[in-house]
Structure formats: C-alpha cells, structure tokens
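1. I would like the atomic coordinates for the input below:
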Amino acid sequence: MPLSWTLHNDGRTVTEGAVVRPGERLSWPRTVGLGAQHVVAMFGATFLVPVLTGFPPTATLFFSGVGTILFLVLTGNRVPSYLGSSFAFIAPITAATASGSMGNALFGVLVTGLLLAAVGAVVASTGAGWIDALMPPVVTGAIVALIGLNLSGAATSNVQAAPWTALVTLVALLVVAVVFRGLAARLSILLGVVVGYVFAAFAGAVDLAAVRDAAWVGLPDFFAPEPSWGVLPAFLPVVLVLVAENVGHVRTVAHLTDDPEVNARTGRALLADGLATTLAGAGGGSGTTTYGENIGVMAATRVYSTAAYWVAGAVAILLSLSPKFGALVNTIPAGVLGGVTVALYGLIGVVGVKIWIDNRVDFSKPVNQFTAAVALVVGIGNLTLSSGDVMVTGIALGTVAALVVFHGMTALERARGARA
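-> Numbering: from 1, shown residues only. Here you go, the predicted model:
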C-alpha cells in the first residue's frame, strides 16, 4: 500500500462542485489542520464511552488511534474513516463488569472483534448481499433503537445523583446543538460536558487531586482480558450493529465521493474494524466502529483525503500517552454524565427510527409491526434469562426476537402465498 497522495489542484483550494478524493490531499499544513479537526470531532464520543463503562480513557484513545491506522492500511488507504469508541458496547460492558470484572468485559470485546473480522473475511469473498437479506432495515432499526433505549435506566440513575448539574449539562448541549452551526453543532456533546463540568467544579463536586498527582507522559493503562463465556450472549448483538454501521458508512462515503471502488472495500472495512476491536479487547480499550461524526466533517469540508486520518490517528496516540489527561477525564462527575446520556442514549434510539424512515419501512405490514414491537419491548424492558453462569440480557434477546419474528413471519407469509 503506497503512502502517497496526489495534490488536489494547487493544494490550497477545493473548486466549486469538486471533492478531494481519498487518494488526494491538500497541502500538508492544511492536511494537518484537517486531521486535528477530525480528532476534535471524534473526541467527545470516543472518550465518553470509557468514562461511562469504567474503562481506562487513555487505553481506549490509544487503540482508537492504532485502529484507525490499521483500518487505513487494510483498506488500501482508500476508505477515509476514523475508528472511535462504539456506543453499542456500553450496555454489555456495563453488565459484564457488574456481574464480573473489567477483564471479563474485555473478553467480550475481544470475541466481538474476532466475529466481526470473520464476517469481514466472508463479505470480502462473497459480497455484502447476504447481509441485506439477513438484516433488512426494519430489523437493523429495531436493534439499534433497543440498544440505546435499553440504557435509559443508567442515564436517569446518573441524573438522580446530581439533578441540577445534569440539567445544566443537558440544557447546554441542547442550546449548542440549535444555536451553533457546522463543526460546533456536531460537538454539542463535548461542549455540553465542558459546561456541566465547569458548573460542577464551582459547586465543589470535582476533585482534581488525582490529576495533580498524575505524570504528564507515560504509557496508557493497559489491561488483559479474562475469559468468561457467560458474558458473551450480551456482546453478540453488537456484531450486527457494527456490521450495519460499517456498511452504512462505507456506502455513504462511496456516494459522497462518487467512487464505487470504496463500496468494493466493504469486506476489508469490516475485517479492519474487527481486528481493531480485537486489539482493543486484548489491551484494555473499548470496541471501535467507523464514526459518522467524521463523515459529517468530510461532507462539510468536501475533503475525503485519507491523509487527514493518518494525522488524526497519530494525534490520538500521542494524547493517549498522557496519564494526566486520563486522570482529568476520570474526574467527570456523575451528574454531568447523566445530563449527557439522557440525550445520547435517546439519540441512539432515534438513529434506529431514522433507519426506518430513510428506508421507508412500511409499518402497515404486520411483519414489520411485530418485528419492531416485540424487539423494542424485550430490549427496553431488559428481559433477562439465565442458565448457570450464562445470562442473556434484553439487548441480546431483543436482537434475537427481531431476527426470529421477521424471518419467521416472512416464511409463514410465503408459505401461505404458495398454498393460495
């Protein structure tokens, strides 16, 4: 894979109606600036996941940078994307650490990565058509929605810990999202955290002792996984979500750049994200996914150069080498997290609904009605079944319900049609 890019025009401007394609770049000073912008765009979501799950922020940031570079290498330097922390892992990690340990949760992340990599290898050989057949939009939307809404109880618990701080954080997030435009609006979560943090600090709810004691430079806090087969059922649905996210993001970039070659690398993208997630699980980081936030930045700037992502990955790795930074992230109070997650978890649910709307899912059909209805109630109600050391939670059962109800009812409809 040659690390070379063709200079776009004079390297300073993007002509009207044109885009800077993945194999092109602007001048290096502008490329470095764009890379730094991608770091800012991904940062709020990427650091929030380890804060919510108790994972070390520095390790998560380190593996997101390493994963991004690995992704660029495996996709032949032609699919521009940043691999940040996936919100789909929040619920299974929380459940695994509550009933076991961080090492058990990391084992779940690692196995999820291996499964996703296997899916990527199959797609690279056979194409992605079977994914569309297995997970039509009504199923994908239901799975994404129930993952977000399943977490609503955790959000409200954090709100109750410090209601005023949570309210200030939430209001700041909403105001930024409406008043500002462009990159600032896409950073509403990060800016909401900053405002809430300042409010909490003035209220005396922030203890900076650990930050003062931490070194400026040092290795991330790495941890090893501890095998626990009982946690795996909660993690398996995440594979489906990561597949849907990756395929959707690759297709979006292919459309925006008018480059069908990007779509041809879907299998490689899945394989790369799977291996990046595996590495994260092996060393103490949260699982990764391609980031829509960064696709938004590319759409706004019309610059899809992979060179900017090499810069972003390198900057993320450098940031992860500061224990003081990790200690600062860990001082974020529960009230701030509560205010942010009320919006964040709800937004994940809304993304599922948006999948239905964008794909014009016909809810006058009983198959679609019951697929969504059963899956959502099972997921939001967190129906849990256990047998020995194995516990299957609402997200896993809701995912199974979506698949079984849709394909089961579809098969019955076809059988009825064949008899008619």
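
2. correct me if wrong: Val315 contacts Gly35.
-> Yes - counting by CB atoms under 8 Å, Gly35 is a contact partner of Val315 at 6.4 Å. Using the backbone N, CA and C atoms, a C-beta is placed for each residue, glycine as well.

3. nearest residue to the spatially most central residue of the chain other than its sequence neighbours?
-> In the chain, the centroid-proximal residue (CA atoms, centre = their mean) is Ser86; its distance is 2.6 Å. Using CB to CB, 6 or more residues apart in numbering and skipping the chain neighbours, the partner closest in space to Ser86 is Thr289 (3.8 Å).

4. tell me the strands beside the helix or strand hosting the one you found, with direction?
-> Element membership for Thr289 (DSSP states H and E) is strand 288-290. Using DSSP bridges, the strands paired with strand 288-290 are strand 83-85 (antiparallel).

5. next secondary structure after the strand holding Thr289?
-> Later in the chain than strand 288-290, the nearest helix or strand by DSSP H and E is helix 292-301.

6. buried residues in that next one, which are they?
-> Within helix 292-301, the residues that count as buried by 16 or more other CB atoms under 10 Å are 292-298, 301.

7. quick one: these as CSV, columns for distance to Met135 too.
-> Output for the buried residues of helix 292-301, formatted as CSV (distance: CB to CB, whole Å):
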residue, distance to Met135
Gly292, 18
Glu293, 23
Asn294, 24
Ile295, 21
Gly296, 24
Val297, 27
Met298, 26
Thr301, 31
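
8. nearest to Val39, of the residues you listed?
-> Distance to Val39, by CB to CB, is smallest for Asn294 among the buried residues of helix 292-301, at 9.5 Å.

9. residues contacting that closest one?
-> Counting by CB atoms under 8 Å, 6 or more residues apart in numbering, Asn294 touches 38, 41-42, 81-82, 84, 309, 312.

10. again, 7 Å this time
-> Going by CB atoms under 7 Å, 6 or more residues apart in numbering, Asn294 touches 38, 41-42, 81-82.

11. look up phi and psi at the closest residue to Met298 other than its chain neighbours.
-> Nearest residue to Met298, sequence neighbours excluded (CB to CB, 6+ apart): Tyr304, at 5.1 Å. The phi/psi pair for Tyr304 (degrees, to the nearest 10) reads phi -110, psi 20.

12. which of the contacts of Asn294 lies closest to Leu270?
-> Looking across these and measuring by CB to CB, the closest to Leu270 is Ser81, at 11.8 Å.

13. quick check: that closest one vs Tyr309, distance?
-> Counting by CB to CB, to the nearest Å, the gap from Ser81 to Tyr309 is 7 Å.

14. quick check: the residue nearest to the centre of the chain touching Thr288?
-> Yes - assessed by CB atoms under 7 Å, Ser86 is found in contact with Thr288 at 6.1 Å.

15. which ones among the contacts of Asn294 are found in helices?
-> 38, 41-42 (DSSP state H).

16. would you turn these into JSON lines with neighbour count, distance to Thr393 and pLDDT?
-> JSON lines is the format used below for the ones in helices among the contacts of Asn294 (neighbours: other CB atoms under 10 Å; distance: CB to CB, whole Å; pLDDT from 0 to 100):
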{"residue": "His38", "neighbour count": "29", "distance to Thr393": "34", "pLDDT": "83"}
{"residue": "Ala41", "neighbour count": "26", "distance to Thr393": "31", "pLDDT": "74"}
{"residue": "Met42", "neighbour count": "24", "distance to Thr393": "28", "pLDDT": "81"}
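
17. which one of the residues you listed is nearest Val159?
-> Met42 (25.6 Å).

18. list the contacts for the residue lying closest to that closest one once chain neighbours are set aside?
-> Leaving aside its sequence neighbours, Met42 sits nearest to Gly84 (CB to CB, 6+ apart; 4.5 Å). By CB under 7 Å, 6+ apart, the contact set of Gly84 is 42, 45-46, 64, 288-289, 291.

19. pick the one among the contacts of Asn294 closest to Trp216.
-> Comparing those against Trp216 with CB to CB places Met42 closest, at 22.9 Å.

20. can you give me the strands in the protein?
-> Using DSSP state E, the strands of the chain run over residues 6-7, 24-25, 83-85, 288-290, 385-387, 390-392.

21. follow-up on the earlier one: so which of the ones in helices among the contacts of Asn294 comes closest to Asn263?
-> Closest to Asn263, out of all of those and judged by CB to CB, is His38, at 22.0 Å.

22. where in this structure is pLDDT low?
-> Regions of the chain meeting the criterion pLDDT under 70 cover residues 1-2, 182-184, 186, 387-391, 418-420.

23. isn't Thr165 up against Tyr197?
-> No - Thr165 is not in contact with Tyr197 according to CB under 7 Å; the separation is 9.0 Å.

24. give me the common contacts of these two.
-> Common neighbours of Thr165 and Tyr197 (CB under 7 Å, 6+ apart) are Val336.

25. settle it for me: which of the two has more neighbours?
-> Between Thr165 and Tyr197, counted using other CB atoms under 10 Å, Thr165 has the larger neighbour count: 24 against 20.

26. excluding chain neighbours, give the residue nearest to the more buried one in space.
-> Per CB to CB, 6+ apart, closest to Thr165 is Gly335, 3.1 Å.

27. for Asn263, same thing?
-> Excluding its sequence neighbours, the residue lying closest to Asn263 (CB to CB, 6+ apart) is Ala254, at 4.3 Å.

28. just to revisit the earlier point, for the contacts of Asn294, which one is nearest Trp28?
-> Taking the contacts of Asn294 together and measuring to Trp28 by CB to CB, the closest member is His38, at 15.2 Å.

29. ok, the nearest residue to Pro56 once chain neighbours are set aside - contacts?
-> Distances taken as CB to CB, 6+ apart put Asp221 closest to Pro56, at 3.7 Å, once the chain neighbours are dropped. Shown in contact with Asp221 (CB under 7 Å, 6+ apart): 56, 58-59, 284, 326.

30. quick one: which two of the residues you listed are the most distant?
-> Gly284 and Gly326 (11.4 Å).

31. tell me how far stretch 367-380 lies from the chain's centre.
-> 23 Å (CA atoms, centre = their mean, to the nearest Å).

32. now do stretch 115-129
-> With CA atoms, centre = their mean, you get 20 Å for stretch 115-129.

33. got a list of contacts for it?
-> Applying CB under 7 Å, 6+ apart, the set of residues contacting stretch 115-129 from outside is 131, 239, 242-243, 247, 266-268, 270-271, 273-275, 277-278.
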